[in-house]
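K.L.:
following is a predicted model, sequence given first.
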Amino acid sequence: AEETLRQGEKMQAIGQITGGIAHDFNNLLQVFMTGVGLLRRPGLSDEIHAPVLDAMDYAVESAAALISRLLTFARKQALRPEVFDLNARIAHIRELLTATLGASVSLQTDCAADLWPAIADPNQLDISILNLTVNARDAMLPDGGALILRTYNVSLEATFERPAGDYVCLAIEDSGSGMSPAVLARAFEPFFTTKTEGKGTGLGLAQVYGFAKQSGGDVAIESAPGKGTIVLFHLPRPTAATLIREAKQEEKMA
Ligand code: ADP
């Protein structure tokens, strides 16, 4: 749990850094747009032309440098997939989730007893669950409500996001405000947030989406205003071959 807490703090730091980058990027865009506006003016003199172009050049180069810094930062987060038990993972971070939710939200769990193992990076999963929990908490402000975590086995048909097969599902259901169709359509977009400045980074669901896809699973949201929100998170069940390989690896380590 301590490790998760550190990861959570790290995520917050990442949020602040990327939030700052977004802010700087916007400022540079402003410079560029102002330049475009100026250059469009008819009869602009040559003395003004050159410095305006210089400023635009500077803005574009700075923006490119910012993005490349952001990308090297993002690439560092290599995934380390493992076979693990989702129920045990939830039990492991339960206290952290309760603390995150605060006294006005009750946390309920409904975990399938015969749950298949899942394969993914468990530390990244903790961060995803934490991000989803923070969103649920925020959606239930100020009165609080209930957050239900459910786990179960599902065999799914193929979609364009992931292949057909066996998946372990984590369903996270809150009794909060829900999302309008317009918000739902953009919810996974990086930097999209409806929260006031400083409260949201718009990176929570982007992390959840990226992690689900990189793990070979997917994530879907069912939500409507006043009806609360259900996030369905699917992680692949390891194949028999993977399980045998893991067992042999463990034997070798022992
Ligand atoms: P952030 O939480 O920083 O705003 P996210 O990417 O996690 O960024 O979420 C994007 C937006 O999606 C939120 O600002 C909010 O409008 C909406 N949202 C996410 N989760 C929920 C939820 N459980 N209930 C209602 N709205 C939500």
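P.N.:
Yep, that arrived.
K.L.:
which intervals of the protein have sub-threshold pLDDT?
P.N.:
For the chain, applying pLDDT under 70 flags the ranges 1-7, 9-20, 68-78.
K.L.:
and whichever residue of it sits closest to the ligand, what does it touch?
P.N.:
Residue of the chain nearest the ligand, by CB to the nearest ligand atom: G204 (2.5 Å). Backbone N, C-alpha and C define where each C-beta goes, glycine included. Counting by CB atoms under 8 Å, 6 or more residues apart in numbering, G204 makes contact with 131-132, 134-135.
K.L.:
which of those residues lies closest to L232?
P.N.:
Of all the contacts of G204, L132 has the smallest distance to L232: 10.8 Å, by CB to CB.
K.L.:
spatially nearest residue to that closest one (excluding sequence neighbours)?
P.N.:
Spatial nearest neighbour of L132, chain neighbours left out: I172 (5.0 Å); criterion: CB to CB, 6 or more residues apart in numbering.
K.L.:
return the set of buried residues in stretch 218-229.
P.N.:
218-219, 221, 223, 228-229 (16 or more other CB atoms under 10 Å).
K.L.:
same deal with stretch 234-253?
P.N.:
Buried residues in stretch 234-253, counted by 16+ other CB under 10 Å: 234-238.
K.L.:
farthest pair in those?
P.N.:
Farthest pair in the buried residues of stretch 234-253, by CB to CB: H234 and P238, 13.8 Å.
K.L.:
pretty sure L232 is in a strand, no?
P.N.:
Yes. Remark: L232 belongs to a strand, assigned using DSSP: H, G, I helix; E, B strand; the rest coil.
K.L.:
do you know how far D54 is from G35?
P.N.:
Separation of D54 from G35 (CB to CB, to the nearest Å): 9 Å.
K.L.:
so which strand or helix has the residue nearest the centre of the chain?
P.N.:
Nearest to the geometric centre of the chain sits Q207, at 2.4 Å (CA atoms, centre = their mean). Using DSSP states H and E, Q207 sits within helix 204-214.
K.L.:
do the same with D110
P.N.:
strand 105-111.
K.L.:
name the helices or strands packed onto that strand?
P.N.:
With contacts taken as 3 or more CB pairs under 8 Å, 6 or more residues apart in numbering; DSSP states H and E, strand 105-111 sits against helix 86-101, strand 145-156.
K.L.:
mind giving me the packing neighbours of the longest one?
P.N.:
Which is helix 86-101. Partner elements for helix 86-101 (3+ CB pairs under 8 Å, 6+ apart): helix 2-40, strand 105-111, helix 122-139, strand 145-156, strand 165-174.
K.L.:
could you list the buried residues of it?
P.N.:
86-87, 89-90, 92-93, 96-97, 100-101.
K.L.:
and which of those is nearest A65?
P.N.:
Using CB to CB, the buried residues of helix 86-101 come closest to A65 at T100, 35.2 Å.
K.L.:
which residues touch the residue nearest to D24 when sequence neighbours are not counted?
P.N.:
Sequence neighbours aside, L66 is the residue nearest to D24 in space, at 6.0 Å (criterion: CB to CB, 6+ apart). Neighbouring residues of L66 by CB under 8 Å, 6+ apart: 21, 24-25, 28.
K.L.:
could these go into a markdown table alongside distance to K199?
P.N.:
Shown next, in a markdown table, are these (distance: CB to CB, whole Å):
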| residue | distance to K199 |
| --- | --- |
| I21 | 18 |
| D24 | 19 |
| F25 | 20 |
| L28 | 24 |
